[in-house]
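Trainee: need the 3D shape of this:
(4 chains)
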There are 2 protein chains.
Amino acid sequence: MLVEDDLNLGFLLVEFLELKGFSVKLYRDGQTAFTGFQNGHFDFCILDVMLPKMDGFTLAKKIKILNAQIPVIFLTARSLKEDKMKGYEIGVDDYITKPFDEDELLYKIHAILNRSKLPKFSEESIFQIGLFRFDFQNQQLEMDGQKRRLTERESSLLKMLCLNKNNVIRREQILTAIWGDNDYFAGRSLDVFISKLRKYFSPDPSISIENVPKVGFILQDNS
Amino acid sequence: MLVEDDLNLGFLLVEFLELKGFSVKLYRDGQTAFTGFQNGHFDFCILDVMLPKMDGFTLAKKIKILNAQIPVIFLTARSLKEDKMKGYEIGVDDYITKPFDEDELLYKIHAILNRSKLPKFSEESIFQIGLFRFDFQNQQLEMDGQKRRLTERESSLLKMLCLNKNNVIRREQILTAIWGDNDYFAGRSLDVFISKLRKYFSPDPSISIENVPKVGFILQDNS
DNA sequence: CGGCATGTTAACGCGATGTTAATAAAATGC
DNA sequence: GCATTTTATTAACATCGCGTTAACATGCCG
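Mentor: The predicted structure follows:
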């Protein structure tokens, strides 16, 4: 969950974090953010301090009542001492002072997620695809209790497809990300792996990996 | 544990922290601090970055090998980005830039201690694995009253596998944690120990240590 | 029709791992 | 101190399976 009223900065951050593999939901004020938190499922919050409708401290306090464990990071333009104090009392995990460095934010996120290791893994890396459950951390694909262990390449590829479920991913994007190279042979190798994944998913006809000629592939889930 | 070569600052901090109810031990260089860590029992470390004999980063890394869970805060005069990055990679929990505010330090300490309250793994040293009971403290593996004493390496490795039961644990993670080195030979040594553990567990077919090629191992318990 | 992209299956090579034994190092006993 | 035992590393050889590559089939578009 990201709450930021400066939409320019907000979208920039969403873009950056999604690039890094996170799934991000952006809210622009404290009120709707809180409603969103009640309904949705979040692992992690980044809140601006100054927000319309409800300020960041109040929001954090209300969120912590619902879920005391959830990590919260504050974005703040002010580096005032009393603000920080107030935050630490509520149980805020960290501060980042604007203007901040994106990499620093990323490291803080990882540091905090690592600390709360157990809750993270339970949710973060498991994808539901039709009747299948794909556990990326454990490279496992499960359906009806039938488990199949995937190879490293298979699971990297499937993860990329999942993160872009129902959207096209370009061949070159996959190739540079996984093979680090997009020559002819890497391309053929990719096709072989797509073929393997299709076979694994063949028991569920509502799942398909479709080819978009000359462009890439789509993982379609019509369940 | 407090490590600070500027003794004026050091004693000031000790005084302050003891006033706040902590029991503090001060070291003035990285070398003696590490020796002290090996012998004593600490819940929490505050390290200066610039230290005689051994710098703060190296010290933190060595401490984290002995106890990956222990919280570490760095004191640093420099607020340089690359320093922070380096720290977060090691798994440092927070930074405080000198000159700092004592109350801020106190709040950070409380924030971090609150966080690490739940995962008090340090004490939980008995694991149930299928029909076996593994007592890490006593390096003992028991089944049907049959006790077998494990070697140090065997039990360290088994503990790591247990903490990640039914989850993949990466080779490199094991190697850096136990062998402190992940070259070719350490890797082969790991394989030898995996082989030994498998033999010990062979009486119970519902336990298996599976290999995930190129990635690591997973202790599967289907009992 | 012919070229090009993709689908699929099979074979191959090589690196990673499994296992046992030999050697070195360290701890223990006396 | 020396002998014995225990532990960890290194070596040596066997095996496995991942990913690549090849080979052939299919379909699309000019």
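Trainee: CA only for contacts and neighbour counts going forward, please
Mentor: Will do.
Trainee: and chain A, which residues reach DNA strand C?
Mentor: By CA under 7 Å from any atom of the strand, the part of chain A that sits against DNA strand C consists of A:188, A:191-192, A:194-196, A:198-199, A:210-216.
Trainee: repeat the analysis, applying 10 Å as the threshold.
Mentor: Residues of chain A lying near DNA strand C by CA under 10 Å from any atom of the strand: A:170-172, A:184-185, A:187-199, A:202, A:209-218.
Trainee: now, of those, which are buried?
Mentor: Neighbour counting with 16 or more other CA atoms under 10 Å in any protein chain shown marks A:171, A:172, A:187, A:190, A:193, A:194, A:197, A:209, A:216, A:217, A:218 as buried within the residues of chain A next to DNA strand C.
Trainee: OK, contacts around the second one?
Mentor: Translated: residue A:172. A:182, A:216 (CA atoms under 8 Å, 6 or more residues apart in numbering or on different chains).
Trainee: and it, helix, strand or coil?
Mentor: Here residue A:172 is recorded as helix under DSSP: H, G, I helix; E, B strand; the rest coil.
Trainee: hmm, back to that, dump the buried ones among the residues of chain A next to DNA strand C to JSON lines, plus pLDDT, distance to residue B:57 and secondary structure.
Mentor: Shown next, in JSON lines, are these (pLDDT from 0 to 100; distance: CA to CA, whole Å; DSSP: H, G, I helix; E, B strand; the rest coil):
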{"residue": "A:171", "pLDDT": "91", "distance to residue B:57": "41", "secondary structure": "helix"}
{"residue": "A:172", "pLDDT": "88", "distance to residue B:57": "39", "secondary structure": "helix"}
{"residue": "A:187", "pLDDT": "93", "distance to residue B:57": "43", "secondary structure": "helix"}
{"residue": "A:190", "pLDDT": "96", "distance to residue B:57": "41", "secondary structure": "helix"}
{"residue": "A:193", "pLDDT": "96", "distance to residue B:57": "42", "secondary structure": "helix"}
{"residue": "A:194", "pLDDT": "96", "distance to residue B:57": "44", "secondary structure": "helix"}
{"residue": "A:197", "pLDDT": "96", "distance to residue B:57": "44", "secondary structure": "helix"}
{"residue": "A:209", "pLDDT": "94", "distance to residue B:57": "47", "secondary structure": "strand"}
{"residue": "A:216", "pLDDT": "92", "distance to residue B:57": "45", "secondary structure": "strand"}
{"residue": "A:217", "pLDDT": "94", "distance to residue B:57": "45", "secondary structure": "strand"}
{"residue": "A:218", "pLDDT": "94", "distance to residue B:57": "45", "secondary structure": "strand"}
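Trainee: wait, doesn't residue A:193 sit right on residue A:154?
Mentor: Yes - if you go by CA atoms under 8 Å, residue A:193 and residue A:154 touch, sitting 6.5 Å apart.
Trainee: picking that back up, when you check DNA strand D, which of the residues of chain A next to DNA strand C turn up near it?
Mentor: Contacts with DNA strand D within the residues of chain A next to DNA strand C, counted by CA under 10 Å from any atom of the strand: A:184, A:185, A:187, A:188, A:189, A:190, A:191, A:192, A:193, A:196, A:213, A:214.
Trainee: how about these, which pair is most distant?
Mentor: With CA to CA as the measure, no two of these lie farther apart than A:196 and A:214, at 20.0 Å.
Trainee: need the pLDDT of the nearest residue to residue A:92 once chain neighbours are set aside.
Mentor: Take residue A:92 and drop its neighbours on the chain: the residue closest to it by CA to CA, 6 or more residues apart in numbering or on different chains is residue A:72, 5.4 Å away. At residue A:72, the pLDDT value in this model is 84.
Trainee: residue A:72 touches residue A:60, doesn't it?
Mentor: Yes - proximity of residue A:72 to residue A:60 meets the contact threshold set by CA under 8 Å, at 7.4 Å.
Trainee: about what we covered before: closest to residue B:132 out of the buried ones among the residues of chain A next to DNA strand C?
Mentor: For those, the nearest to residue B:132 is residue A:197 (37.5 Å; CA to CA).
Trainee: in the helix or strand where residue A:96 lies, what's buried?
Mentor: Assigned by DSSP states H and E, residue A:96 falls within strand A:94-97. Buried residues in strand A:94-97, counted by 16+ other CA under 10 Å: A:94, A:95, A:96.
Trainee: from chain A, which residue is nearest to DNA strand C?
Mentor: As assessed by CA to the nearest atom of the strand, DNA strand C sits closest to residue A:214 within chain A, at 3.6 Å.
Trainee: now do that residue, the pLDDT please.
Mentor: The model's pLDDT for residue A:214 equals 89.
Trainee: OK, contacts around it?
Mentor: So residue A:214 contacts nothing (CA under 8 Å, 6+ apart).
Trainee: contacts for stretch A:176-186 next, please.
Mentor: A:153, A:156, A:157, A:172, A:175.
Trainee: hmm, back to that, mind putting the buried ones among the residues of chain A next to DNA strand C in TSV, distance to residue A:108 included?
Mentor: Output for these, formatted as TSV (distance: CA to CA, whole Å):
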residue	distance to residue A:108
A:171	32
A:172	31
A:187	36
A:190	34
A:193	35
A:194	36
A:197	35
A:209	36
A:216	34
A:217	34
A:218	33
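Trainee: let me know the closest of these to residue B:126.
Mentor: The closest of these to residue B:126 turns out to be residue A:197 (CA to CA; 40.3 Å).
Trainee: correct me, but that closest one touches residue A:153?
Mentor: No - using CA under 8 Å, residue A:197 is not in contact with residue A:153, being 10.7 Å away.
Trainee: tally up the residues packed near residue A:44, please.
Mentor: Neighbour count of residue A:44, defined by other CA atoms under 10 Å in any protein chain shown: 17.
Trainee: can you check the one 10 residues further on too?
Mentor: As a burial measure, the neighbour count of residue A:54 was computed by other CA under 10 Å and equals 16.
Trainee: thought it was touching residue A:28?
Mentor: No - checked against CA under 8 Å, the pair residue A:54 and residue A:28 is beyond contact range at 10.5 Å.
Trainee: any idea what residue A:48 is bridged to?
Mentor: Beta bridges link residue A:48 to residue A:75, judged by DSSP bridges.
Trainee: my guess is it meets residue A:74, correct?
Mentor: Yes - at 5.7 Å, residue A:48 counts as touching residue A:74 under the criterion of CA under 8 Å.
Trainee: any shared contact partners between the two?
Mentor: Contact with both residue A:48 and residue A:74 is made by residues residue A:56, according to CA under 8 Å, 6+ apart.
Trainee: neighbour count winner among those two?
Mentor: The residue with more neighbours, out of residue A:48 and residue A:74, is residue A:48; 26 against 22, by other CA under 10 Å.
Trainee: who's in contact with residue A:207?
Mentor: Applying CA under 8 Å, 6+ apart, we find residue A:207 in contact with A:129, A:130, A:201, A:219, A:220, A:221, A:222, A:223.
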